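Visitor: Model the following, please.
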Amino acid sequence: MKLKVFKEFKFSAAHYLDIEGHKCSQLHGHNYKLRIEVSGAPNDNGMIIDFKEIKKHVKPILKIVDHSNLNDVLGDIIHTTTCEDLCMFFYSALKDKILGITKIEIKETDTCGAIFEV
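Guide: The predicted structure is shown next:
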């Protein structure tokens, strides 16, 4: 049996895809939803991880991406600004800080997104 907890965050950002003729090749924005999932055994306090611990590590990254052009602020770090690459970016940035991450989910709309599972 696995026990999991999650913390969700929101950020707004612009981006474009460098794919000629694609409708997303023009600069546009999204109200992203980020979900971090952590699994493990509860500690002596009954928690897998304190939510404030997740927030402590995610907030500095959100300060960089929120209300930014993702191509400008992440262009040297990730290949594209797709949801898939954003999932991998967040996982790479957080995996050594938040032990037990099992899933990163990014939604760019209510119906579209990507999920990275460890």
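Visitor: List the beta-bridge partners for the closest residue in space to S68 that isn't next to it in sequence.
Guide: Leaving aside its chain neighbours, S68 sits nearest to A13 (5.4 Å; criterion: C-beta to C-beta, 6 or more residues apart in numbering). Just so you know, the C-beta spots here come from the backbone N, C-alpha and C atoms, and that holds for glycine as well. Beta-bridge partners recorded for A13 (DSSP bridges): H30, S68.
Visitor: A13 - how many residues pack around it?
Guide: Number of residues near A13 (other C-beta atoms under 10 Å) recorded here: 22.
Visitor: so where do the strands sit in the protein?
Guide: Per DSSP state E, the chain carries strands over the ranges 4-15, 28-39, 68-69, 101-107, 113-117.
Visitor: okay if I get those as CSV plus mean pLDDT and distance to E84?
Guide: As requested, the strands of the chain are exported to CSV (pLDDT from 0 to 100; distance: least, C-beta to C-beta, whole Å):
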stretch, mean pLDDT, distance to E84
strand 4-15, 98, 13
strand 28-39, 98, 13
strand 68-69, 98, 19
strand 101-107, 98, 8
strand 113-117, 98, 5
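Visitor: Any idea which of those gets closest to L94?
Guide: strand 101-107 (6.1 Å; C-beta to C-beta).
Visitor: Can you list the strands that the closest one pairs with?
Guide: Here strand 101-107 has these sheet partners by DSSP bridges: strand 28-39 (antiparallel), strand 113-117 (antiparallel).
Visitor: Could you say which of those strands is packed most deeply?
Guide: strand 28-39 (a mean of 18; mean count of other C-beta atoms under 10 Å).
Visitor: What separation do you get for G29 and L99?
Guide: 33 Å (C-beta to C-beta, to the nearest Å).
Visitor: Show me the contact partners of the helix ranked longest in the chain.
Guide: Counting by DSSP state H, the longest helix found in the chain is helix 51-65. Helix 51-65 is contacted by residues 5, 7, 9, 11, 13, 34, 36, 38, 73-74, 90, 93-94, 97-98 when judged by C-beta atoms under 8 Å, 6 or more residues apart in numbering.
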